[in-house]
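Asker: Pasting a predicted model and its sequence here:
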Amino acid sequence: MAQMEQQLEQHVPQMAISASTQELAALIDAHLGALRSPSPAWRVGDSPISGRGVFAARNIEKGEELFREHTLLVGPTAHRGRNLRTCIHCYHQPPGESEESALCSAGCGLPVCPDCAPSERHAVECQLFRKWQPKHLSIIEPRALRILSVVRCFFLSEPQRQLLYAMQANTDRYYMREVQRAAECFEHFPRDPDMLEYFYRTVCAFNTNAFESRCHIDGQEVVTRALFPLAGLLNHQCTPNAAHHFEDGETIVVTATERIPAGAEITMSYTKLLWSTLARKIFLGMTKHFMCQCPRCQDPTFLRLILSEGVAVAVAASAGAGVAAAAAAVAAQLLAWSCRQSPIANTRNRTSRRVATTRCHLSALPALRCNILPILARRTHRAGARHRDTVCVRVCVCV
């Protein structure tokens, strides 16, 4: 296990944090503004789980709202397959049917509705994108749209920039690709090293702390990636004592799911609560760069649930050996978990660029369907592998 943790962590150093815990707490208070309660139920402190965390300042009752927070930075996720014809400010649908009809008439290449187009908020972003000269003005370019949330760091106030630099930002060799892909969409994207470093720092902060904020507008689900500095401080536990929901695309509300005694750390889950231990470990290791050691992950009885499993995963890849080794090491650790009540099902298939195809092939494996293999497929392909990669899964599920 220790060897796998080293493999996951050796290539993801953390950028220097420019503020102490006390300074960070003061910056968060200023960020919350009127949303900060005169006597909040929480406080920011050093965490035994990881770095900084949020703790109960008094006894907190189940169902009590802990805090609500507006985003520091937000922008479209621009995932392929989602409707990109969404206003970048209000998230309503611009009139028309084509992508071109949704684009700003001034030529910035961003989708915007008629109500938001003349706003001051759009004017500054529009001017900046026009200065960079988008290459495509008849389609919505996902790569340029996704970088918008990062570019908005330009328009932060000085205290907000200090808060951004006070947030944890894990580096990853893949994160710079987001900036590089966006640069390919413009004729004159910035080349200044300091500016690119600022972009990269913001991308790292996003990928370390951001939430996918979801809301429904005009009858469709809108997904944004949003940076909430206070909510982002909540550390992970697989049996958390708090949960969150989004009031709109730019506001998060955190609520206690059980009674939290004064002094206890407030935690949330970074994964789906019903995911298997293998699913959670692989997801956290490959996307958050840490291995959870919470009581649930250490309990071979799955907190005495009837469901139990023994899993072996091996990844043979022509590239991305580090990712493959890490995934195999996670699975090897779980081999000690056993089930004596049901037979073992086996399957072997090639990974695919299409996650839906992988789900279909593994439809007979309810414990892993939609959880493990999509993650493995994405990460191995990002590491340069192709259809030669294979994933072998052995699953045992109690019935």
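Answerer: Thanks, I have the structure now.

Asker: C-alpha coordinates for the longest helix anywhere in the chain, PDB please?
Answerer: The longest helix of the chain (DSSP state H) is helix 193-209. The C-alpha coordinates for helix 193-209 follow below in PDB (Å, rounded to 0.1, in the frame of the first residue of the first chain):
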ATOM      1  CA  PRO A 193       5.400  33.200 -18.800                       C
ATOM      2  CA  ASP A 194       4.000  35.000 -15.700                       C
ATOM      3  CA  MET A 195       0.500  35.000 -17.200                       C
ATOM      4  CA  LEU A 196       0.700  31.300 -18.200                       C
ATOM      5  CA  GLU A 197       1.900  30.500 -14.700                       C
ATOM      6  CA  TYR A 198      -1.100  32.300 -13.300                       C
ATOM      7  CA  PHE A 199      -3.400  30.400 -15.600                       C
ATOM      8  CA  TYR A 200      -1.700  27.100 -14.600                       C
ATOM      9  CA  ARG A 201      -2.000  27.900 -10.900                       C
ATOM     10  CA  THR A 202      -5.700  28.600 -11.400                       C
ATOM     11  CA  VAL A 203      -6.200  25.300 -13.300                       C
ATOM     12  CA  CYS A 204      -4.500  23.400 -10.500                       C
ATOM     13  CA  ALA A 205      -6.600  25.100  -7.900                       C
ATOM     14  CA  PHE A 206      -9.700  24.200  -9.900                       C
ATOM     15  CA  ASN A 207      -8.800  20.600 -10.300                       C
ATOM     16  CA  THR A 208      -7.900  20.300  -6.600                       C
ATOM     17  CA  ASN A 209     -10.900  22.100  -5.100                       C
END
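
Asker: Toward the C-terminus, what is the element adjacent to that helix?
Answerer: Per DSSP states H and E, the first helix or strand lying C-terminal to helix 193-209 is strand 211-217.

Asker: who does that next one pair up with?
Answerer: Here strand 211-217 has these sheet partners by DSSP bridges: strand 220-227 (antiparallel).

Asker: in the strand it pairs with, what's buried?
Answerer: Residues of strand 220-227 classed as buried: 222, 223, 224, 225, 226, 227 (neighbour count, 16 or more other CB atoms under 10 Å). Any C-beta I mention is one placed from the backbone N, CA and C, and that applies to glycine too.

Asker: so what secondary structure elements neighbour the longest helix of the chain?
Answerer: If contacts are counted by 3 or more CB pairs under 8 Å, 6 or more residues apart in numbering; DSSP states H and E, helix 193-209 sits against helix 148-151, helix 158-166, helix 175-183, strand 220-227.

Asker: So what touches that helix?
Answerer: 15, 73, 147, 149-151, 153, 164-165, 167-172, 175-176, 178-179, 190, 225, 227-229, 232, 288 (CB atoms under 8 Å, 6 or more residues apart in numbering).

Asker: I'd like to know which of those residues are buried.
Answerer: Counted by 16+ other CB under 10 Å, the contacts of helix 193-209 give 15, 73, 147, 149-151, 153, 164-165, 167-172, 175, 178-179, 190, 225, 227-229, 232, 288 as buried.

Asker: pLDDT for the buried residues of strand 220-227 - can I get that in TSV?
Answerer: Shown next, in TSV, are those (pLDDT from 0 to 100):
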residue	pLDDT
222	85
223	87
224	90
225	90
226	92
227	93
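
Asker: can you put those in CSV and add distance to residue 48?
Answerer: Shown next, in CSV, are the buried residues of strand 220-227 (distance: CB to CB, whole Å):
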residue, distance to residue 48
222, 37
223, 33
224, 32
225, 29
226, 28
227, 25
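
Asker: ok, these vs residue 276, which is closest?
Answerer: residue 223 (24.9 Å; CB to CB).

Asker: show me where pLDDT drops low in the protein?
Answerer: 1-18, 80-81, 301-399 (pLDDT under 70).

Asker: For it, which segments count as helices?
Answerer: According to DSSP H, the helices that the chain contains are 2-9, 21-32, 99-102, 120-132, 142-146, 148-151, 158-166, 175-183, 193-209, 277-283, 295-298, 321-333, 355-361, 372-382.

Asker: Out of the helices and strands packed on helix 193-209, which gets nearest to residue 135?
Answerer: Among those, helix 175-183 sits nearest to residue 135 (CB to CB), with 10.7 Å.

Asker: and the residue lying closest to residue 135 once chain neighbours are set aside, what is it in contact with?
Answerer: Among residues not flanking residue 135 along the chain, residue 185 sits closest, at 5.8 Å (CB to CB, 6 or more residues apart in numbering). Neighbouring residues of residue 185 by CB under 8 Å, 6+ apart: 109, 134, 135, 136, 141, 143, 144.

Asker: Great, nothing more from me.
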